[in-house]
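**Q** Structure for the following, please:
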Amino acid sequence: MTDKIEKKYFTIGEVAAMIGEAKSLIRFWEKEFVVLKPLKTEKGTRKYDAKAIELIKYIHYLVKQKGYTLEGAKDALRKDQHAGGRAEVIAKLNDVKSFLVGLKESI
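**A** A predicted model of the protein is given here:
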C-alpha cells in the first residue's frame, strides 16, 4: 500500500515554471496584489501553498490571457470571492482545449 505524498509548499522557481513566466514577474505581482502573500522562511525564501498558486494562476489568466490591466485584474479579484477555484477550472478547461486541438490536428 503506497500513499502518494503531495508537496505542501512550492518555491518561486517551481511556481514560475508552472505558469511559464519569470520569477521576477511573480515577485512584481506580490507587490501589486495585496492578497498574494506567500510564506517566507527566516532567510526570506518564498513558499507557496496550493491556495497561493491558484491565485497566481488566476492573475496570470486575467493579465496574460484575457488582457486585463493590473488595475482591472485587482478589481476582478476584489469582486470574485472564488478566484482560486476559478483558476483551477480555467486550467482544466485549457488542458481539455489543448487535447481537443491536438486531436483535431491528428485527424
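**Q** Low-confidence stretches in the protein?
**A** Along the chain, the parts satisfying pLDDT under 70 run over 1-5, 81-91.
**Q** Please enumerate the helices of it.
**A** Secondary structure of the chain (DSSP state H): helices located at 12-19, 23-32, 50-60, 70-79, 83-106.
**Q** for the ones you listed, which one sits closest to residue 43?
**A** When the helices of the chain are compared by Cβ to Cβ, helix 12-19 sits nearest residue 43, at 13.1 Å. Placement of C-beta: from N, CA and C, glycine included.
**Q** Alpha carbons of the closest one, in PDB - could you do that?
**A** Output of helix 12-19 as PDB, limited to C-alpha atoms (Å, rounded to 0.1, in the frame of the first residue of the first chain):
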ATOM      1  CA  ILE A  12       9.100  30.600  -6.500                       C
ATOM      2  CA  GLY A  13      11.000  28.800  -9.300                       C
ATOM      3  CA  GLU A  14       8.600  25.900  -9.300                       C
ATOM      4  CA  VAL A  15       5.600  28.200  -9.400                       C
ATOM      5  CA  ALA A  16       7.200  30.300 -12.200                       C
ATOM      6  CA  ALA A  17       7.700  27.100 -14.200                       C
ATOM      7  CA  MET A  18       4.100  26.100 -13.700                       C
ATOM      8  CA  ILE A  19       2.800  29.300 -15.400                       C
END
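**Q** and it, what does it pack onto?
**A** For helix 12-19, the elements it packs on are helix 23-32, helix 50-60, judged by 3 or more Cβ pairs under 8 Å, 6 or more residues apart in numbering; DSSP states H and E.
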